[in-house]
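When you get a sec, could you give me coordinates for this:
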Amino acid sequence: EDYRIIIVKLADRLHNMRTLEHMPPHKQQRISRETLDIFAPLAHRLGIWQFKAELEDTAFKYLYPAEYEGMKRQLSDHRNKFSESLTGSQQALEQKLNDDTMLAEQGVDASVTGRLKELYALWQKLHVKKQYRGKLDMLNDVVALRVVLDIPQRPGEP
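Here you go, the predicted structure:
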């Protein structure tokens, strides 16, 4: 019933993951595996995306260091292309939403945010689906957009 203790445990685990470099390798591996199996999914279910992403990426770094560096390098090589795609898509979507007369008539405010997906999520996708052959530039969804609509409450509605 009280989620606060779970949030405190997630924050504690995030702090532990940030200081994992000071531990021996066997502890880094054990804690990282536990983090991927238990804590990251828990953060995901609670909707704490920032925690989930950092927990996964940090655990990925310690469990699969070579793959982590490879993904980091691939993302770095294509960062400009993905950033341009993200910016262009975000601006086009914002413009389309701002020009929508129905949304304007209803007094709906729309905001669009964008991000590059996390290393661990990209790595998982590349290795689960063999059609990508481990190449980041073959993925279609390296960037993500989120649209939030602020719909005003009408008089008499709950």
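
pLDDT score assigned to Gly70?
Here, the pLDDT recorded for Gly70 equals 90.

What's the local residue count around it?
Residues lying near Gly70 (other CB atoms under 10 Å) number 16. Placement of C-beta: from N, CA and C, glycine included.

now do the one 3 residues further on
One way to gauge burial is a neighbour count; for Arg73, by other CB under 10 Å, it gives 11.

Adjust the sequence numbering to begin at 40 for everything that follows.
Done: numbering now begins at 40, and the last item shifts to Arg112.

Helix, strand or coil: sort out it for me.
Classification of Arg112 by DSSP: H, G, I helix; E, B strand; the rest coil places it in helix.

Now do the helix or strand containing Ile46: which elements does it pack against?
Ile46 is part of helix 43-57 when elements are defined by DSSP states H and E. When contacts are defined as 3 or more CB pairs under 8 Å, 6 or more residues apart in numbering; DSSP states H and E, helix 43-57 sits against helix 64-73, helix 79-85, helix 88-102.

Can you point out the buried residues in that helix?
Leu49, Arg52, Leu53, Met56 (16 or more other CB atoms under 10 Å).

and the first one, what does it touch?
Going by CB atoms under 8 Å, 6 or more residues apart in numbering, Leu49 touches Phe78, Leu81, Ala82, Leu85, Ile87, Phe90, Leu94.
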